[in-house]
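Engineer: pasting the sequence and the predicted model now:
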Amino acid sequence: MLSPVLCSELSALEPEYTEADVISTVEFSQTGEFLATGDKGGRVVIFQREPQVRVVIFQREPQVRVVIFQREPQVRVVIFQREPQVRVVIFQREPQVRVVIFQREPQVRVVIFQREPQVRVVIFQREPQVRVVIFQREPQVRVVIFQREPQVRVVIFQREPQGEYNVYSTFQSHDPEFDYLKSLEIEEKINKIRWLPQLHSALFLLTTNDKTIKLWKVSERDKRPEGYNLKDEEGRVKDISKITSLQVPVLRPMDLLVEASPRRVFANAHAYHINSISINSDCETYLSADDLRINLWNLSITDRSFNIVDLKPDNMEDLNEVITVAEFHPHHCHLLAFSSSTGTTRLCDMRSRALCDQHAKLFEEAVDPGSRSFFSELISSVSDVKFSHSGRYLLTRDYLSAKVWDLNMEKKPVETYQVHDYLRTKLCTLYESDCIFDKFECAWNGTDSVIMTGAYNNFFRMFDRASRRDVTLEASREVCKRRAVLRPRRVCVGKERRDSDICVDNLDFRKKVLHTAWHPTDNIIAIAARNNLYIFQDRHSPNGHHAVHRIEQERPPELEDTPPQ
Amino acid sequence: MSACTLVSVSTVLGCHSCFRVDMFSKGTKRKFSDDGDEMSDDSLGGANVSSSYNLQRQSLLDMSLIKLQLCHMLVEPNLCRSVLIANTVRQIQEEMTHDGSWQAVTEAFCGGSQSPSERLVATEVLCRSREQDAEPKLFSVISYEGCREEEVVADETLCSVSVSDAASNVCLSESVSHCWETGELRVVESDDETSDGSRLGPGDDDDDDEVDEEEESASEDSKTMGQVFGTFEIKNGAPGPDSALEELFSDVDASYYDLDTMLTGIQSAPKMGPYDLLDSLSPSHGPPSLGSPSNCRSDLNELDHIMEIIVGS
């Protein structure tokens, strides 16, 4: 996945944004159909990838039917009136306008449908017969079966996945709180979001701020009961004396409504700031980790949690290590990994004892004593830990590098990737500006063959493990146009020799890509840069099934802009 | 809340020559100038390199100290960041101790080069503890102030100004580790550590004679309070100023001062604690040229003024 194309850029509409809009976490759902982002203002925005099968329910009573058709980022409305009148359906699918003329007298109707380079003809016959419409779009054939008896008709529309994510739901997850005991504010910033596996139509996700974890249920409602006896359509109570007959309320379709409701609130279990949550593979328990402790919860029980790791020393003066990230193993429900500010990552087995302060494995690379400096510990602090999808490897990110560890070998990583080694001589300046404390996240792709992490100047880097090639790309408004292939960038220490080069001294350290996420199976990545969310997909293999990943490093830039709408 | 201060350094960790490498430019060897130990090969300009290394190290130390203190907080400070900075400070102090440059600095204190009333508490504390331990307890305790699980900031700061509230004196009249522990008593329910109550006793054996048990009110013992944040407070040895302090601060609205000022400043109405210490630590440079905390300076100037009033009385 090394030649990404921008498919969506979603951001606050105004160029100026508030601090509250800064994205603080990004996470794909387990199937990748949904993408959730949390921001500093405590809001969660859920994006949904274009649904692959769209169902249009058609009612053939003489009523106005509204079909809402969402394709790409535009909403198309098909208004269907079943009285014997001409109906015009205007169908806009970039980049062309299509007109469907629909006549409901018992005549043949022709619908001419032009989409991209192909013409599709829909033949519509309104006698009470079965009509078949064959629809060919791009490489897939879609069949629409249309039955004109007074029955519900279903139109199944299949569109190849374009990888476009549209806003599905937005809700306020956490609110700012004030701890009266300590006279301190508790920020509403969402630190982490984790999705539960989807079992039915409702979505469940865990969100957390510094102190409280919440389980949210996001569900759709597209039907509404109508025909109450005691209330009228607006909900006002009817005058009983006026009621002469009884009716049974029926469910009628309505505009899709997505609702989010908090189902559980897990509070008051952490004295320090929660930095991570991780759902166990058993889907019943999850862990939450703060600076010094890790607690184990059951998703159904909110008033009790078990402490499984406690790094708090008896004497706080002795404190020299904090927990930075914790994660459960993707397959083994008894294994968890947590990393610390001293650069060590520990694997703990919950079967060995209840309190896992003693690690089962300790992953630490010995630092060459000759290269130690005062900043050694600072830059070795691990900012993110991710298990590979296979469960065999661990990816850790420290300030300057990303390391892949084999779970079976603790002494040193199997691979080390330098993310921005050119910063090694600038550590003092970065320390002064506090940049050295930035916590970058990292991610695996679906097949564990490529790793990705963010850097400064809105750069993000991807490393192909097999070919050892890497690429640096920039996620920014100026550079990214829709459907444009990103040009690889290069950071040089001396003079800039090419357009795509940038000198180390010109890097903007305020622009950092801290949060990145990779679709669980496809080659789609989500990059958060301040308040902007960029979603890229691979130009060549959006569905991620290519075994070979190519890097487009030397090609001239190819900008495949679509004309603005 | 601000971490007023630094981690207590215990220099007995036995880490010897780990940190000798010049942190700023790889490969430049550091020279040993004072002790007459081994000299490295390129001795030309050796002394210059050494002193520039020392300066750099010093400025890193200064920067770290300031970072620990200047956590402007409505929200609790980031514990990870505080721990990392504190560890860095510890490393520098250890190295300085091994070099002997720290000793030199503390001796300068005790040499009485400045009048006691202007000096920081550090002098007496350092001198005394040096005699006792043979290892200077260089800085007093902990910068994790903001992260404690504990009580209202205002209470603690008030306790430093001699409000006779026994409970709130707990924190400042003991080493800060006690703050953590007393705080834990009040941690909300799901924290299972019931043993905290028993940990109210002194955490450090060394501090036994310095630790004030919570029953005493702060007004009795500014000396103790001073020792807690020893380095950064003016110590008024005489009991006299206490009453002056009380008068001066009895109507202080604690919310006016954020914890920064309170902890670094006004426990016993000191003047700019950290700056003084830093200034005197590195006689070779004047006001720290770090550039960032200019607003801190103006607050401290105010304290200066207050201090003069007190000292004058």
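Structural biologist: Arrived safely, thanks for sending.

Engineer: quick check: residues of the stretch 301-450 of chain A near chain B?
Structural biologist: Residues of the stretch 301-450 of chain A lying near chain B by Cβ under 8 Å from any Cβ of the partner chain: A:303-305, A:307, A:314-317, A:319-322, A:324, A:341, A:369-375, A:377-378, A:381, A:424-425, A:427-428, A:431-432, A:434, A:437. Backbone N, C-alpha and C define where each C-beta goes, glycine included.

Engineer: low-confidence stretches in chain B?
Structural biologist: Along chain B, the parts satisfying pLDDT under 70 run over B:1-49, B:71-75, B:101-304, B:306-313.

Engineer: same check on chain A?
Structural biologist: Within chain A, the segments meeting pLDDT under 70 span A:1-17, A:50-163, A:478-484, A:539-565.

Engineer: so of the residues of the stretch 301-450 of chain A next to chain B, which ones are in helices?
Structural biologist: In this view, those that belong to helices under DSSP state H are A:377-378, A:427-428, A:431-432.

Engineer: I'd say residue A:44 and residue A:36 touch.
Structural biologist: Yes - at 5.9 Å, residue A:44 counts as touching residue A:36 under the criterion of Cβ atoms under 8 Å.

Engineer: those two: which has the busier surroundings?
Structural biologist: The neighbour count for residue A:44 versus residue A:36, taken as other Cβ atoms under 10 Å in any protein chain shown, is higher for residue A:36 (27 against 23).

Engineer: may I have the beta-bridge partners of the more buried one?
Structural biologist: For residue A:36, the beta-bridge partners are residue A:27, residue A:46 (DSSP bridges).

Engineer: enumerate every residue touching it.
Structural biologist: A:26-27, A:29, A:44-47, A:193, A:195, A:205 (Cβ atoms under 8 Å, 6 or more residues apart in numbering or on different chains).

Engineer: what sits against residue A:437?
Structural biologist: Shown in contact with residue A:437 (Cβ under 8 Å, 6+ apart): A:378, B:78, B:80-81, B:84.

Engineer: out of those, who's the most crowded?
Structural biologist: Top of those by neighbour count (other Cβ under 10 Å): residue B:84, with 26 neighbours.

Engineer: check for me that residue B:91 belongs to a helix.
Structural biologist: Yes - per DSSP: H, G, I helix; E, B strand; the rest coil, residue B:91 lies within a helix segment.

Engineer: surely it meets residue A:373?
Structural biologist: No - applying Cβ under 8 Å as the test, residue B:91 and residue A:373 come out as separate, 9.4 Å apart.

Engineer: okay, the two: which has more neighbours?
Structural biologist: Higher neighbour count among residue B:91 and residue A:373: residue B:91, with 26 against 22, using other Cβ under 10 Å.

Engineer: and residue A:277, how far from residue A:440?
Structural biologist: Distance from residue A:277 to residue A:440, counting by Cβ to Cβ, to the nearest Å: 19 Å.

Engineer: same deal with residue A:296?
Structural biologist: Distance from residue A:296 to residue A:440, by Cβ to Cβ: 27 Å.

Engineer: again with residue A:356
Structural biologist: Going from residue A:356 to residue A:440 by Cβ to Cβ gives 26 Å.

Engineer: likewise for residue A:403?
Structural biologist: With Cβ to Cβ as the criterion, residue A:403 and residue A:440 are 13 Å apart.

Engineer: mutual contacts of these two, please.
Structural biologist: With Cβ under 8 Å, 6+ apart as the test, residue A:403 and residue A:440 both reach residue A:397.

Engineer: buried among the contacts of residue A:36? Make that a ChimeraX selection.
Structural biologist: To isolate the buried members of these in ChimeraX, using 16 or more other Cβ atoms under 10 Å in any protein chain shown:
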select /A:26,27,29,44,45,46,47,193,195,205
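
Engineer: what about residue A:476, how many residues nearby?
Structural biologist: For residue A:476, using other Cβ under 10 Å, the count is 18.

Engineer: identify the farthest-apart pair in the contacts of residue A:437.
Structural biologist: Spanning the widest gap among the contacts of residue A:437 are A:378 and B:78, at 13.3 Å by Cβ to Cβ.

Engineer: excluding covalently adjacent residues, which one is nearest to residue A:168?
Structural biologist: Nearest non-adjacent residue to residue A:168, counting by Cβ to Cβ, 6 or more residues apart in numbering or on different chains: residue A:48, 3.8 Å away.

Engineer: wait, residue A:277 touches residue A:213, no?
Structural biologist: Yes - Residue A:277 is in contact with residue A:213 according to Cβ under 8 Å; the separation is 6.1 Å.

Engineer: shared neighbours of those two, which are they?
Structural biologist: Shared contacts of residue A:277 and residue A:213, counting by Cβ under 8 Å, 6+ apart, come down to A:206, A:288.

Engineer: of the two, which one has the most company?
Structural biologist: residue A:213 (26 against 23).

Engineer: report how many residues lie close to the nearest residue to that one once chain neighbours are set aside.
Structural biologist: In space, residue A:213 comes closest to residue A:266 once its chain neighbours are excluded; the distance is 4.2 Å by Cβ to Cβ, 6+ apart. For residue A:266, the number of neighbouring residues by other Cβ under 10 Å comes to 27.

Engineer: which one's the longest strand in chain A?
Structural biologist: Assignment by DSSP state E gives strand A:250-266 as the longest strand of chain A.

Engineer: got the CA positions of that strand in PDB?
Structural biologist: Output of strand A:250-266 as PDB, limited to C-alpha atoms (Å, rounded to 0.1, in the frame of the first residue of the first chain):
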ATOM      1  CA  VAL A 250     -48.200   0.500  11.700                       C
ATOM      2  CA  LEU A 251     -44.600   0.900  11.100                       C
ATOM      3  CA  ARG A 252     -43.800   3.200   8.300                       C
ATOM      4  CA  PRO A 253     -40.500   4.000   6.900                       C
ATOM      5  CA  MET A 254     -38.900   7.300   7.800                       C
ATOM      6  CA  ASP A 255     -35.600   9.000   7.100                       C
ATOM      7  CA  LEU A 256     -32.800   7.200   8.500                       C
ATOM      8  CA  LEU A 257     -32.000   8.300  12.000                       C
ATOM      9  CA  VAL A 258     -28.800   7.200  13.800                       C
ATOM     10  CA  GLU A 259     -28.900   7.400  17.500                       C
ATOM     11  CA  ALA A 260     -26.200   7.000  20.000                       C
ATOM     12  CA  SER A 261     -26.800   6.200  23.600                       C
ATOM     13  CA  PRO A 262     -24.500   5.400  26.500                       C
ATOM     14  CA  ARG A 263     -25.100   2.000  27.800                       C
ATOM     15  CA  ARG A 264     -22.500   1.700  30.400                       C
ATOM     16  CA  VAL A 265     -20.300   4.200  32.300                       C
ATOM     17  CA  PHE A 266     -17.200   2.900  33.900                       C
END
